[in-house]
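K.L.:
how would this look folded up:
(one chain, ligands or ions: 2)
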Amino acid sequence: MLEQRILQHFADSADLKYQAAQVLARPISQAVQAVLACVTSGGKVLACGNGGSAADAQHFSAEFVGRFERERPELAAIALTTDSSILSAVANDYAWDRVFSKQVRALGQSGDVLLALSTSGNSANVIAAIEAAHEREMTVVALTGRGGGRIGSLLRETDVHICVPHERTARIQEVHILAIHCICDGVDAQLLGEQDPNP
Ligand SMILES: O=C(CO)[C@@H](O)[C@H](O)[C@H](O)[C@H](O)COP(=O)(O)O
Ligand SMILES: [Zn+2]
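P.N.:
Ligands and ions are numbered 1, 2, ... in the order given. This is a model prediction of the structure:
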């Protein structure tokens, strides 16, 4: 019974990944170009999301600042989910909705990228961060699901939308982390050449 449930999770996740590859290859490659143009011209990536997506934002930043699979120069990325003093002060003094947008206004500059993660596309603090990024003339790379929610209708033509075609949060998150690894690999391939790190 329990093993059957586990088998079903693996099967559903694998099916979605096969299906989503067709839809997402283009926006993921657009995300690679956007992020590469940003970091090679002195810009930085700010990343945000809630819960599992906060972990994804940090996972992405760790691979940019540290490394993904190959040695390369450090790339500028900051997760906006980690400074508990900023998060608690802004949530306490203003509202939880503003914990990311105030950091985007403080740190964001024209040419930077906001990596915005929300499986529903409806988290108010991520929406406010996107609005702040637009004010700062940043490009937004949004990772969403469930049709994109409110974030889908907020994005501009110059932004990138990686919208996982699924309704379930866990499945969407599993594709988000795959997309993040594809972005890291794509940036490395553009910077270092296409050699396979694990031949
Ligand atoms: O990881 C999970 C569920 O798999 C949760 O922590 C989940 O991320 C949280 O409920 C988030 O608050 C959901 O926000 P969002 O993806 O809709 O923006
Ligand atoms: Zn989760």
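
K.L.:
spell out which parts of the protein neighbour ligand 1.
P.N.:
Applying CB under 6 Å from any ligand atom, one finds that the chain approaches ligand 1 through 50-53, 118-120, 123, 126, 169-170, 173. Every residue, glycine included, has its C-beta placed from N, CA and C.

K.L.:
buried subset of these?
P.N.:
Taking 16 or more other CB atoms under 10 Å as the criterion, what is buried in the residues of the chain next to ligand 1 is 50, 52-53, 118-120, 123, 126, 173.

K.L.:
among the residues you listed, which two are most distant?
P.N.:
Using CB to CB, these span at most 14.0 Å, a distance reached by 126 and 173.

K.L.:
now the residue of the chain positioned farthest from its centre: how far from residue 13?
P.N.:
Computed with CA atoms, centre = their mean, the maximum C-alpha offset from the centroid of the chain is found at residue 1, amounting to 35.0 Å. Plainly put, residue 1 is 19 Å away from residue 13 if you go by CB to CB, to the nearest Å.

K.L.:
what of residue 52?
P.N.:
For residue 52 relative to residue 13 (CB to CB), the value is 14 Å.

K.L.:
before we move on, back to that, from the residues of the chain next to ligand 1, which land in helices?
P.N.:
Of the residues of the chain next to ligand 1, the ones assigned to helices by DSSP state H are 52-53, 126, 169-170, 173.

K.L.:
farthest pair in the residues you listed?
P.N.:
The span of these, defined through CB to CB, is set by 126 and 170 at 18.2 Å.

K.L.:
check contacts around the closest residue to residue 13 other than its chain neighbours.
P.N.:
Nearest non-adjacent residue to residue 13, counting by CB to CB, 6 or more residues apart in numbering: residue 174, 5.2 Å away. By CB atoms under 8 Å, 6 or more residues apart in numbering, residue 174 lies in contact with 13, 16-17.

K.L.:
circling back to that earlier point, go through the ones in helices among the residues of the chain next to ligand 1 and name the one nearest ligand 1.
P.N.:
If you rank these by distance to ligand 1 using CB to the nearest ligand atom, residue 52 comes first, at 2.6 Å.

K.L.:
sounds good, over and out.
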